[in-house]
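>>> model this:
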Amino acid sequence: MSVRAVVLAAGKGKRMNSDLPKVLFEVAGRPLVAWVVEAVASAGVEDITVVVGHGADLVAGALPPGVAVARQEEQLGTGHAVRCALDEMGDLAGDTVLVVPGDTPLFRPESLRSLLDAHTGAATLLTAEMPDPTGYGRVLRDGDRVTAIVEEADATDEQRAVREVALSTYAFDGPALAEALERVENDNAQGEYYLTDVVGILAGDGVGAVAGADPDEVQGVNSLEHLAAVEAAMRRRILSAWMRSGVWVQDPGRTYVDAAVTLEPGARIYADTHLEGATSVAAGAVVGPGVFAVDSEIGPGARVWYSVLRSARVGEEAEVGPYASLRPGTVMEAGSKIGTFVETKATTVGKGSKVPHLSYMGDAVIGEGSNVGAGSITCNYDGYQKHRTVIGDRVRIGSDTMLVAPVELGDDAWTGAGSVISRDVAPGALGVERSQQREVPGYAARRARKAEKKEG
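Predicted structure coming up:
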């Protein structure tokens, strides 16, 4: 059996109240339609056509290589959308056509495979019993035989009471589908060509159903409330898989891990942690509480808490936070520390080196075993260009030191607290720049007398 798939992704999603096409809203860092395409491909279907309409170029650009696109220039209903896809697909002789909505990211490949394996006759549909079937097309039966699907807007009160619903997911005999679509009309409440009408047309040729689908799995997204519910379900699924592999998660309900994130067994994730993009957490690392990390690498045994990481690399046994901001290009070598209220950007902190608190290090290289005192910053921008600061091994930066780049401090150098260092400091030397302290005797009393005269 040759299987070809059609993914319906042309709708605008009016209830999303956004110019962004509905299928491009993300769940766990991936567009809705990308989840669906992945599920279809994982079910063993290689020939996939996505029907695009609203925001067609944006949707097409979000699809993986090898996925075909059919354009539905005017959205005239699901039946019309499938017809647009078949026009692009050509000869369907001997083919089964799988039709899947593009806004159901929780579909598992196993469910789609079960539908295909059960498919015989002209059509087979996936159904579920819903406690609240509002919004779904109702499945009508004559005994065990499916006779039709009726959309809610066109259903009678008796039909609306039916709890078995169609899930907009079908396996069709290709030529039978093409012929039936030619007979579909738009004399309904919406004035659209419904794909569901094909079921009634093909009923005499044999329409089967795979019932009992998991209602959670088949949730579609038609509003931001739906999106949040699907996101929560996907988050539970992702975290459950990581916990089964040996990752400790303190509170899954308050932990957010994107699909592209990788976690090693033995990692520990505390509550209120957000891991996004290509972030990875190695074995023995402890992340959270209160961490946001995107496209960042957290090494074995590292400790990160109450901090923000963006395209940063945290080495083995390194420590970050609390309240640190690691901007793109930050690299922490093994055993290094970036501490409380420290910001870094395009900076390497060498093995065992520390920037413990209240500092900014930008466009800098810090060697091994060095320490940056509180309140120190690299003055890396002259108003026109960024410049580099190079700090050698075993350097001691005194508190409140301003390092005016470009500047280099040699190995074992020191700086005096409160200095503005604008010239290189030789290895082993002390760089200090501050005026000599003066003391004015009786100053407080003179101030008090002046104040009394003004008041008088």
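>>> top strand in this structure by residue count?
For the chain, the strand reaching the highest residue count under DSSP state E is reported as strand 164-173.
>>> which secondary structure elements does that one contact?
strand 95-101, helix 109-118, strand 123-129, strand 138-142, helix 197-202 (3 or more Cβ pairs under 8 Å, 6 or more residues apart in numbering; DSSP states H and E). For glycine as for every other residue, the C-beta is placed from the backbone atoms N, C-alpha and C.
>>> Which helix or strand lies directly C-terminal to the shortest one?
What it means is strand 138-142. strand 145-150 (DSSP states H and E).
>>> Who are the packing partners of that following strand?
Under the contact rule (3+ Cβ pairs under 8 Å, 6+ apart), strand 145-150 is packed against strand 138-142, helix 197-202, strand 207-210.
>>> tell me the most buried of those?
helix 197-202 (a mean of 23; mean count of other Cβ atoms under 10 Å).
>>> if you average pLDDT over it, what comes out?
For helix 197-202, the mean per-residue pLDDT is 90.
>>> Ok, stretch 13-31 next?
Rounded mean pLDDT across stretch 13-31 is 94.
>>> buried stuff in it?
13, 16, 21-31 (16 or more other Cβ atoms under 10 Å).
>>> Next: stretch 91-107.
Here stretch 91-107 shows 92, 95-107 as buried, counting by 16+ other Cβ under 10 Å.
>>> Just give me the closest of those to Arg244.
Set against Arg244, the nearest of the buried residues of stretch 91-107 by Cβ to Cβ is Leu106 (18.1 Å).
>>> how close does that closest one get to Arg236?
Distance, Leu106 to Arg236, by Cβ to Cβ, to the nearest Å: 10 Å.
>>> Contact partners for Ser2?
Residues counted as contacts of Ser2 (Cβ atoms under 8 Å, 6 or more residues apart in numbering) are 47, 94-96.
>>> Out of these, name the two that are farthest from one another.
Greatest spatial distance in these: Asp47 and Gly94, 12.7 Å, computed using Cβ to Cβ.
>>> hang on, the earlier thing: with distance to Leu86 as extra columns, can I get the helices and strands packed on strand 145-150 in TSV?
Output for the helices and strands packed on strand 145-150, formatted as TSV (distance: least, Cβ to Cβ, whole Å):
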stretch	distance to Leu86
strand 138-142	24
helix 197-202	12
strand 207-210	19
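>>> Indicate which one of those is closest to Met332.
Using Cβ to Cβ, those put strand 207-210 closest to Met332, at 51.9 Å.
>>> Can you tell me what sits against the closest one?
With contact meaning Cβ under 8 Å, 6+ apart, strand 207-210 is reached by 114-115, 118-127, 139, 145-147, 199.
>>> out of those, which are buried?
115, 119, 122-127, 139, 146, 199.
>>> distance between the ends of stretch 299-315?
5 Å (Cα to Cα, to the nearest Å).
>>> Pull the distance from it to the chain's centre.
Offset of stretch 299-315 from its chain centre (Cα atoms, centre = their mean, to the nearest Å): 18 Å.
>>> now the end-to-end length of stretch 405-423.
By Cα to Cα, one end of stretch 405-423 lies 9 Å from the other end.
>>> Please renumber the chain so that the first residue is 273 from this point on.
All set: I'll call the first residue 273, so the last point we hit is now stretch 677-695.
>>> pLDDT averaged over it, what's the number?
Mean pLDDT, computed over stretch 677-695, is 97.
>>> With stretch 603-613 instead?
Rounded mean pLDDT across stretch 603-613 is 98.
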